[in-house]
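[1] no sequence on this one, just coordinates:
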C-alpha cells in the first residue's frame with residue numbers, strides 16, 4: 001500500500017456541519033492511498049441528471065439526511081447535491097475509495113465543503129460505525145442505492161445496504177441500569193513468556209474479576225509467575241501453530257458465566273474495565289451471544305491510529321457467555337462458533353492495540369511468521385507506512401455512542 005503524490009484540498013475554515021466535517025476528515029485520510037496500484041483513469045461523468053425516482057426518494061419527509069450508496073461516476077451524486085433543499089444533507093457512501101480521486105474535490109466541489117460529503121472505505125463495518133457515530137443512523141435516513149452503478153458495484157453496495165438495514169441501535173435508556181456481578185467474569189489470555197511488558201499487562205487486570213486464566217505457549221508456566229490482582233491460574237500448552245486450540249483450553253477451564261479474552265499487547269481504559277460487569281448483565285438481558293469491540297492500533301505513536309482498508313474498526317469478539325457448544329475454530333484469525341445468541345457491537349469502547357509500538361520491526365516480523373506458520377502460507381507482511389487518523393478522532397467516535405449505545409444485528 002502506498003500513498004499517491006497528490007492530496008485533496010481541505011476546507012480552509014471550520015463549517016457548521018460537524019458530522020459532515022468528521023466524515024469528510026475520514027475520507028480525506030484515505031484518498032491519498034491506494035492498494036498497490038495507481039489510480040485508474042477517471043471515468044467521464046455523464047450529464048448531471050437526477051431521475052424523478054431518486055429525487056422523490058431524497059425529498060421524502062421528514063428525513064433530514066440522505067444516504068446515497070455508491071458513487072459511480074459522480075453524476076447522480078452531484079445532481080442530488082444540487083437539487084436538495086438547504087435543510088437536507090447528502091452523504092455518499094462508497095466501498096471504492098479509488099473512485100474518490102484526489103482531483104475529485106476540484107471537479108466536484110459539492111462534497112469538499114458545505115453540508116454534503118463522501119464517506120469512502122473498503123470496509124462496510126467502518127461505514128456502519130461512522131454513520132451511527134456522526135448523526136446518520138440509517139434507520140432515520142433516506143437510503144438510496146445508486147441506479148447508475150455497474151452490476152458488480154451494485155452487488156457490493158446492496159450488501160452494504162442490507163448491513164445498514166439489519167443493524168439496530170440500542171440506546172441505554174431503553175432498559176434500566178444494571179450493575180452486574182463481577183464474579184460472573186473470567187478474564188483469559190494466551191501468552192508467550194517472551195512477550196514484552198507482561199508485568200504491565202498483568203498489573204492492569206482488575207481485582208474484581210472472578211479469576212484470570214493464562215495459557216502459556218510453553219512446556220511449563222514461567223518462573224516466577226506473574227499474577228493479576230484477581231485469583232490467577234497458569235496453564236501451559238505449546239501453541240503448535242493453533243491459536244484456536246489455545247483459546248479453547250482457556251474456555252474449558254473457565255469458571256465464570258462469561259469469559260473475556262485480552263491479548264498481551266492490548267489494553268482497556270480504566271473506565272471500560274469498571275463498566276464490564278454491567279455490560280455482561282445488559283448483554284444477558286438482551287439475550288446476546290457475545291460482545292465485540294472496535295480495536296484501534298496505534299502507529300506511529302499514541303497520537304495516531306491505523307484507519308481505512310480494514311485497519312479499523314477491526315472488530316474483536318472478546319466477551320461471550322460460557323455455554324455448551326461454544327468453541328474457537330481456525331488455527332489463525334480464529335472465529336467463534338456455537339454462540340447462543342446475536343453479537344452486540346459496543347462502539348462506545350475501543351480496545352487499545354499497541355503491537356506496533358511495543359515491538360520493534362524484527363519482533364513484529366517474527367510474530368507474523370508465527371501467524372503464517374499457523375495459516376500454512378504467507379499471508380502477512382509489514383508496510384513502511386499506513387493511512388492514519390488522529391487518536392482524538394477515534395475518541396470522538398467512541399464518545400458519540402453516548403453512554404455506550406449498542407449495535408445489534410437483526411434478521412430481515
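    On my side now, so go ahead. For clarity, every value in this text was computed on a predicted model and none was experimentally measured.
[2] buried residues in stretch 213-224?
    Neighbour-count burial for stretch 213-224, counted by 16 or more other Cβ atoms under 10 Å, picks out 213, 214, 215, 216, 217, 218, 221, 222. Just so you know, the C-beta spots here come from the backbone N, C-alpha and C atoms, and that holds for glycine as well.
[3] end-to-end on that stretch?
    End-to-end span of stretch 213-224 (Cα to Cα, to the nearest Å): 16 Å.
[4] just stretch 197-206 next, same as before
    17 Å.
[5] and what of stretch 124-143?
    Where stretch 124-143 begins and where it ends lie 15 Å apart, using Cα to Cα.
[6] Give me the spatial nearest neighbour of residue 24, chain neighbours excluded.
    Nearest residue to residue 24 in three dimensions, chain neighbours excluded: residue 117, at 4.4 Å (Cβ to Cβ, 6 or more residues apart in numbering).
[7] What does that neighbour show for phi and psi?
    Dihedral angles of residue 117 (phi, psi; degrees, to the nearest 10) stand at phi -160, psi 180.
[8] Pull the number of nearby residues for it.
    Neighbourhood size, residue 117 [other Cβ atoms under 10 Å]: 26.
[9] next one: the one 5 residues further on
    The local packing of residue 122 (other Cβ under 10 Å) involves 17 other residues.
[10] now the one 10 residues further on
    By the other Cβ under 10 Å criterion, the neighbourhood of residue 132 contains 22 residues.
[11] Now do it against residue 169, distance only.
    Plainly put, residue 132 is 6 Å away from residue 169 if you go by Cβ to Cβ, to the nearest Å.
[12] Mind listing the shared neighbours of these two?
    Jointly contacting residue 132 and residue 169 under the rule Cβ atoms under 8 Å, 6 or more residues apart in numbering are 405, 407.
[13] Model confidence score at residue 172, please.
    Looking at residue 172, its pLDDT stands at 80.
[14] Pull the number of nearby residues for it.
    By other Cβ under 10 Å, the residues close to residue 172 number 17.
[15] do the same with residue 232
    By other Cβ under 10 Å, the residues close to residue 232 number 17.
[16] Could I get the contacting residues of it?
    By Cβ under 8 Å, 6+ apart, the contact set of residue 232 is 202, 211, 212, 213, 214, 225.
[17] Which of those fall in helices?
    Among those, the members found in helices (DSSP state H) are residue 202.
[18] Return the subset of the contacts of residue 232 lying in strands.
    Using DSSP state E, 211, 212, 213, 214 are the members of the contacts of residue 232 that sit in strands.
[19] possible to save these as JSON lines with distance to residue 392 and pLDDT?
    Listed next are those as JSON lines, based on distance: Cβ to Cβ, whole Å; pLDDT from 0 to 100:
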{"residue": "211", "distance to residue 392": "36", "pLDDT": "97"}
{"residue": "212", "distance to residue 392": "32", "pLDDT": "98"}
{"residue": "213", "distance to residue 392": "35", "pLDDT": "98"}
{"residue": "214", "distance to residue 392": "34", "pLDDT": "98"}
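[20] is the residue nearest to residue 24 in a bridge, and if so with what?
    residue 91 (DSSP bridges).
[21] thinking it is in contact with residue 111, fair?
    Yes. Proximity of residue 117 to residue 111 meets the contact threshold set by Cβ atoms under 8 Å, at 5.1 Å.
[22] Residue 211: how many residues sit nearby?
    Count around residue 211 with other Cβ under 10 Å applied: 19.
[23] quick one, what contacts the residue nearest to residue 24?
    Taking Cβ under 8 Å, 6+ apart, we find residue 117 in contact with 20, 21, 23, 24, 27, 90, 91, 92, 111.
[24] list the contacts for the third one?
    Right, residue 23. The neighbours of residue 23, taking Cβ under 8 Å, 6+ apart as the test, are 91, 117, 118, 119, 130, 134, 136.
[25] From residue 391, how far off is it?
    18 Å.
[26] and stretch 193-210, how far out from the chain's middle?
    Distance, stretch centre to chain centre, for stretch 193-210: 25 Å (Cα atoms, centre = their mean, to the nearest Å).
[27] same question, stretch 53-63
    In this view, stretch 53-63 has its centroid 30 Å away from the chain centroid, taken as Cα atoms, centre = their mean.
[28] the helices in the stretch 1-150 of the chain, which residues?
    With helices called from DSSP state H, counting those that start in this stretch, the stretch 1-150 of the chain shows them at 18-30, 52-58, 75-83, 104-107, 124-133.
[29] residue contacts, the spatially closest residue to residue 205 that is not a sequence neighbour?
    Using Cβ to Cβ, 6+ apart and skipping the chain neighbours, the partner closest in space to residue 205 is residue 228 (3.6 Å). Residue 228 sits next to 187, 202, 203, 205, 207, 209, 212 when contact means Cβ under 8 Å, 6+ apart.
[30] Let me have the residues you listed in JSON lines, adding distance to residue 410 and neighbour count as columns.
    Shown next, in JSON lines, are the contacts of residue 228 (distance: Cβ to Cβ, whole Å; neighbours: other Cβ atoms under 10 Å):
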{"residue": "187", "distance to residue 410": "30", "neighbour count": "25"}
{"residue": "202", "distance to residue 410": "39", "neighbour count": "19"}
{"residue": "203", "distance to residue 410": "40", "neighbour count": "12"}
{"residue": "205", "distance to residue 410": "34", "neighbour count": "20"}
{"residue": "207", "distance to residue 410": "37", "neighbour count": "9"}
{"residue": "209", "distance to residue 410": "31", "neighbour count": "23"}
{"residue": "212", "distance to residue 410": "34", "neighbour count": "24"}
